[in-house]
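Enquirer: here's my sequence, what's the structure:
(chains A and B)
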Protein chains: 2
Amino acid sequence: MQEKYPETFTNCVGRKPEISIVGGGLVGSLLALHLGQKGYQVNLYEYRDDIRTTELIGGRSINLALSARGRKALAKVGLEEAILEHGIPMRGRMLHDLNGRRRIVPYDKNNQQCIFSVGRKHLNEILLNASERYPNIHLNFNHKLIDMHVEDTQMTFKNPKTKEVIDVSTDLIIGCDGAFSAVRRHMITRPGFDFSQTYIEHGYLELCIPPTASGDFAMPHNYLHIWPRGKFMMIALPNQDRSWTVTLFMPFANFEMLKTSTDLLEFFTKYFPDSIELIGEEKLMKDFFRIKPQSLVMIKCRPYNISDKVLLMGDAAHAMVPFYGQGMNAGFEDCSIFSEILDRPSMEIADAITEFSAKRWEDAFAICDLAMYNYIEMRDLVNRSSFLWRKRLDDFLFWLMPNTWVPLYNTVSFSHMPYRKCIENREWQNRILSRILVILGTFGLGGLVAGIGIVLRS
Amino acid sequence: MQEKYPETFTNCVGRKPEISIVGGGLVGSLLALHLGQKGYQVNLYEYRDDIRTTELIGGRSINLALSARGRKALAKVGLEEAILEHGIPMRGRMLHDLNGRRRIVPYDKNNQQCIFSVGRKHLNEILLNASERYPNIHLNFNHKLIDMHVEDTQMTFKNPKTKEVIDVSTDLIIGCDGAFSAVRRHMITRPGFDFSQTYIEHGYLELCIPPTASGDFAMPHNYLHIWPRGKFMMIALPNQDRSWTVTLFMPFANFEMLKTSTDLLEFFTKYFPDSIELIGEEKLMKDFFRIKPQSLVMIKCRPYNISDKVLLMGDAAHAMVPFYGQGMNAGFEDCSIFSEILDRPSMEIADAITEFSAKRWEDAFAICDLAMYNYIEMRDLVNRSSFLWRKRLDDFLFWLMPNTWVPLYNTVSFSHMPYRKCIENREWQNRILSRILVILGTFGLGGLVAGIGIVLRS
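Expert: Residues are numbered from 1 along each chain as shown, chains lettered A, B, ... in the order given. Sure thing, here's the model as predicted:
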């Protein structure tokens, strides 16, 4: 292997480079697999306990929507099938109106593609189990990064339980440590590092719809259920155990107005009447007031690297609001894109880092912006007839020209088109449609004038 | 005084609140004066040595442009005259072309207003001297903030010289500690705190034009001199000692191409030929390679406060690129706006903090954006005839309607109109002008058609 990593990788002349991944969540553990399979020495450092031996961690979403980009990255390490086996396909949105009536908006009328509801814990466990099979991947739990020196790629970890402090020397640090990345904290003070964190006024709170008495799903389970209410919304994703994880997204100001059980019941009766029975009134009261609503943040930064010493991936590089279901998929795509660059003949890891960092941020900015846009679409626009007409028109043109007219949601969720190209593609479609409208309008006006002429003459 | 600060100011029931200002630069020392004159107990903590007893600090601009907003804030503490006495009025831009020819673009044809070149050190000294006269203002130098607890407004400082560590308990912390604020670092991890830092691809490097042999200014001194060259530019501001501080703004990539004295001389001969003699060839070679070009950052954040415990002002709240000459002026305006809110009858300081924080960020975002826009205008647009035509048209309309048609630069530099209103005002002017163009175009076309008709008939 030695000849694969020569002098350009400055930290390790004449020996195998060792890559340290900070963060053993979804992206960190998948990246470990990608790099481990290529023969790199990989050390993964996770701040928390081993998720396989602990209860579910609070404050993070329980299930996630897996789509094409995530699947591809899993397929590259041979795990797509294993994950999909436990995933629940969702073929479209099922919208609940104020009277509890339901309407289906399919995701992909043409190819019948679907997104999959997968459990975060389950997914993480499969990735960690698979990693552990490689002798060159080493998992280190209870390692909290407390200090980091970029120039000589040194890190200091502390064991939150034993308080033991461990110094680690490595060749490359990859931060996959989430939206509040500790690795990134050491990059933010460097001149030239652009960074933004933007909170939205909405918070979220998770509830649960249990299985029915007969042990079945309480609602049709092959859909992502949405209760769109304009300024706020509730969604539900199915779980493997036939329960549903329900998430209420609402401005913090509105959450604060719900102080008592009476307030809450009144609110749910008015806006989500059909959900009360599904959740169970008593359970609703208990779960709602158990924890405070959590905030939602968008994070953009660039560049993702410091020379060939530090690199960011996943939420650490680009955290987004959850409304496009692309947070995990974008993070997984980071892994497969980086992996594909590394696979090219005689590619050095230093050059791969440079190339990944130079290009990826544009697509990450694009999906962050799209997710922010979908935040309005999901809670409000889906209720508007203009949106439904456009959706029908898009579906029709997609059916007519399946390779030419692919709607935005489909390029994002069911293709590997770079995210910024998805936006460009949509802008191109908008331009075409407005031109057609102008032409139709002109013809229509012409027809009207001719019609009036005929009427007047007759 | 006691009744002025009742329970709403939660940290000090039944005693005078003590305000701690972190940062003794221009904004910190001016704010100390504003608050000290109102009778507050003020403790100012400056990380560096007392500027009055030390040499000039490197890496920060030596002179600054003082305009209406800054002057107003100085006038409120009775220091406007003292500062202007040592300032050098600049009545317009003097543009230097590639052949060394000079052209004047006045700032304010109507009211003959000007901006003033003032020395940073001199200004800071006057503010510190004035502060020291108040027994309730305490200046603490060599106090570097190393820790801060928001909830109980505790701070820990370290003396960089003696290494002594000092714990301080206070009622309100105001961070005036600049673009890389240590106070702000403790706010960034709080949910709901929006933050962005954006670097531009240009760096800057300071040079100097000394006085002539006869001890005079080497160029007409009542102007801000600009060498606009499209992708880069050089500017010069006059100093009290009849020297000029010259600043070259250029992409880092271009700086890197100038490696040797030959490169540099060739570059200056091509682009700034008239400046070589002014600076002196030998001095140019020495000064240019003495320090690396510095980076330029824009910082936006909100909210500026954490309840009534922490508040940000000046560059700590809103750092901008220097191309509108408003960085210091905006920071000084923070002081006078906060001071005016506090002056209102029965205003509590907690409410003043809330009001300041709720409104000020919008204007700060606006001036940050304007400064970024001027970065293009100064180095490029000023050379274009379309820009000059618009400037002439604006000047003419301003002369015609001095109260109605005030050009953008004049509202920003010579009025106290909120920055966001300056932008709205400019957008209104743009709309009017484009409507007039349409009308003129229509008349013109009508005239042309009529003219052709007459010609054909005759």
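Enquirer: check which residues of stretch A:89-108 are buried.
Expert: Buried residues in stretch A:89-108, defined by neighbour count with 16 or more other C-beta atoms under 10 Å in any protein chain shown: A:89-96, A:105-108. Any C-beta I mention is one placed from the backbone N, CA and C, and that applies to glycine too.
Enquirer: keep only those of those that are also close to chain B.
Expert: Near chain B, taking C-beta under 8 Å from any C-beta of the partner chain as the test, no member of the buried residues of stretch A:89-108 is found.
Enquirer: which one of the residues you listed is nearest to B:Asp152?
Expert: Of all the buried residues of stretch A:89-108, A:His96 has the smallest distance to B:Asp152: 46.8 Å, by C-beta to C-beta.
Enquirer: isn't that closest one right up against A:Val105?
Expert: No. A:His96 lies out of contact with A:Val105 (C-beta atoms under 8 Å); the separation is 11.9 Å.
Enquirer: ok so, going back, could the buried residues of stretch A:89-108 go into CSV alongside secondary structure, pLDDT and distance to B:Ala350?
Expert: Conversion of the buried residues of stretch A:89-108 to CSV gives the following (DSSP: H, G, I helix; E, B strand; the rest coil; pLDDT from 0 to 100; distance: C-beta to C-beta, whole Å):
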residue, secondary structure, pLDDT, distance to B:Ala350
A:Pro89, strand, 96, 54
A:Met90, strand, 97, 49
A:Arg91, coil, 95, 54
A:Gly92, strand, 93, 51
A:Arg93, strand, 91, 46
A:Met94, strand, 95, 48
A:Leu95, strand, 93, 45
A:His96, strand, 95, 44
A:Val105, strand, 88, 49
A:Pro106, strand, 89, 54
A:Tyr107, coil, 89, 50
A:Asp108, coil, 85, 54
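Enquirer: ok, the residues you listed vs B:Met320, which is closest?
Expert: A:Arg93 (43.5 Å).
Enquirer: quick one, what contacts the closest one?
Expert: By C-beta atoms under 8 Å, 6 or more residues apart in numbering or on different chains, the contact set of A:Arg93 is A:104-105, A:107, A:223-226, A:382.
Enquirer: residues contacting the nearest residue to it once chain neighbours are set aside?
Expert: Counting by C-beta to C-beta, 6 or more residues apart in numbering or on different chains, A:Arg93 lies nearest to A:Val105, which is 4.6 Å off, once chain neighbours are set aside. Contact analysis of A:Val105 by C-beta under 8 Å, 6+ apart lists A:92-95, A:382, A:388, A:391.
Enquirer: among the contacts of A:Arg93, find me the one that's closest to B:Asn410.
Expert: A:Val382 (47.8 Å).
Enquirer: in the stretch 301-450 of chain A, what residue comes closest to chain B?
Expert: In the stretch 301-450 of chain A, the residue that lies nearest chain B is A:Cys301 (9.3 Å; C-beta to the nearest C-beta).
Enquirer: any idea how far the residue nearest to that residue when sequence neighbours are not counted lies from B:Ser196?
Expert: Distances taken as C-beta to C-beta, 6+ apart put A:Phe195 closest to A:Cys301, at 4.4 Å, once the chain neighbours are dropped. Distance, A:Phe195 to B:Ser196, using C-beta to C-beta, to the nearest Å: 7 Å.
Enquirer: show the residue spans covered by the strands in the stretch 301-450 of chain A.
Expert: Secondary structure of the stretch 301-450 of chain A by DSSP state E, counting those that start in this stretch: the strands cover A:305-306, A:310-312, A:318-319.
Enquirer: these into TSV, with extra columns for distance to chain B, mean pLDDT and mean neighbour count?
Expert: Shown next, in TSV, are the strands of the stretch 301-450 of chain A (distance: least, C-beta to the nearest C-beta, whole Å; pLDDT from 0 to 100; neighbours: other C-beta atoms under 10 Å in any protein chain shown):
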stretch	distance to chain B	mean pLDDT	mean neighbour count
strand A:305-306	14	98	20
strand A:310-312	16	98	26
strand A:318-319	13	98	28
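Enquirer: contacts only, for the nearest residue to A:Ala317 once chain neighbours are set aside.
Expert: With C-beta to C-beta, 6+ apart as the criterion, A:Ala317 has its nearest non-adjacent residue at 5.1 Å, and that residue is A:Tyr304. Listed by C-beta under 8 Å, 6+ apart, the contact partners of A:Tyr304 are A:311-313, A:317, A:356-357, A:360-361.
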